[in-house]
Structure formats: structure tokens, C-alpha cells
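In: Okay, sequence plus prediction incoming.
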Amino acid sequence: MAITDKIYLKNHRQISSQLETNVPKGVFKGATLDILFQGEGLEKLDDATRDRVLDFSEDFLDCDCEDNPYCGCPERKFVRYLLELRAQGLGPDAIVDVMGDDYMVYAYPGDILSFLDDAVRTLEAAEGLARVDGADEQHEAIRDAKQELAK
């Protein structure tokens, strides 16, 4: 299961109530993306919630793909966001806190830790392949990225 399947709306019930519709808890679920992407009814949200929803939409749903928001770009952008937070030296608990502050979304710290661990293992495999292929530049770049992520 991808990490983006484990990202949830904070205050889910409050948001559903304000929008007067059922909104799935999962941020990257189809119905949730529809609501965020189309923006219908967002004027019903309180100011703080609306600002966070709009920030999320601008940061993750903005692409030129024909299938937007179902093109995979939002998920890839969010994964990049998580990796950037880790690169800033944040641990799983701090990443969860920042996600909540930035976009009113949450995940369980254990899920974030598992995602980060999987990322390191993937980089280790890529590093080994680059070494076997004799691709020294790629090997070094991957090794550096792995070390940065594993800090």
C-alpha cells in the first residue's frame, strides 16, 4: 500500500459537515480529489480550513495532465514533499506535525517511518545496481541520497 493511501484529512467530520456532503477520510481518494480539484462548495469552509485546502490544491493538484487529478502527479508531488521534509532533518513525528500545520492532513508516524525505511531500502538496491553496472556517478549520487535520507 502506498504512503499516499495512508494520508488522511484532519477534522474530517467537521469538513464533511461544513461542505454538507460525505468526504472520504483519505486525502488521495477519488471523491476527495474531486472536491479539492473542482473547489465546489469551498466557500462553505471556515477561513483556516479553506486556506489549507487551497494550499494543498495549489501545491499538489496543479499540473497540465489531461487526467488531472487522477494522473498520479498529486501522489508523486506529495511523496517528494515528504522526502523534502526528511531532508530537512525531520523525523516521522515532526513530519506528521508539519503536514498537519501545512495542509490539515495527517498520517501515523509509524506509516511515515515505514515509508522512509522503504525509501532507504530502494536506494540501497539502486546503489547496488549502479555499482554492478559500473555507473560510478550514479552510484555516488544514489549513495549520497541514501545517506541523506537515513540521517
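Out: Happy to help now that I have it.
In: Format the CA atom coordinates belonging to the lowest-mean-pLDDT helix or strand in the chain as CSV.
Out: One helix or strand of the chain scores below all others by mean pLDDT, DSSP states H and E: helix 30-38, with a mean of 80. Extracted in CSV, the C-alpha atoms of helix 30-38 (Å, rounded to 0.1, in the frame of the first residue of the first chain):
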residue,chain,number,x,y,z
GLY,A,30,-11.2,9.9,-5.9
ALA,A,31,-14.1,11.7,-4.2
THR,A,32,-11.8,13.8,-2.0
LEU,A,33,-9.7,14.8,-5.0
ASP,A,34,-12.9,15.7,-6.9
ILE,A,35,-13.9,18.0,-4.1
LEU,A,36,-10.5,19.6,-3.8
PHE,A,37,-9.9,19.9,-7.5
GLN,A,38,-13.2,21.3,-8.5
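In: Buried residues, it. List them.
Out: Within helix 30-38, the residues that qualify as buried are T32, L33, I35, L36, F37, counting by 16 or more other CB atoms under 10 Å. Using the backbone N, CA and C atoms, a C-beta is placed for each residue, glycine as well.
In: Now do it: distance to the chain's middle.
Out: In terms of CA atoms, centre = their mean, to the nearest Å, the centre of helix 30-38 is set 16 Å apart from its chain centre.
In: after that helix comes which helix or strand?
Out: Next along the chain after helix 30-38, taking DSSP states H and E as the criterion, comes helix 47-60.
In: what's the angle between the helix or strand following that following helix and helix 47-60?
Out: Toward the C-terminus, helix 47-60 is succeeded by helix 73-87 as the next helix or strand (DSSP H and E). Following axes from the mean of the first three to the mean of the last three CA atoms, to 10 degrees, one obtains 100 degrees for the angle between helix 73-87 and helix 47-60.
In: Report all helices and strands that helix 73-87 contacts.
Out: Helix 73-87 is packed against helix 47-60, helix 92-103, helix 109-133, helix 136-150, with contacts defined by 3 or more CB pairs under 8 Å, 6 or more residues apart in numbering; DSSP states H and E.
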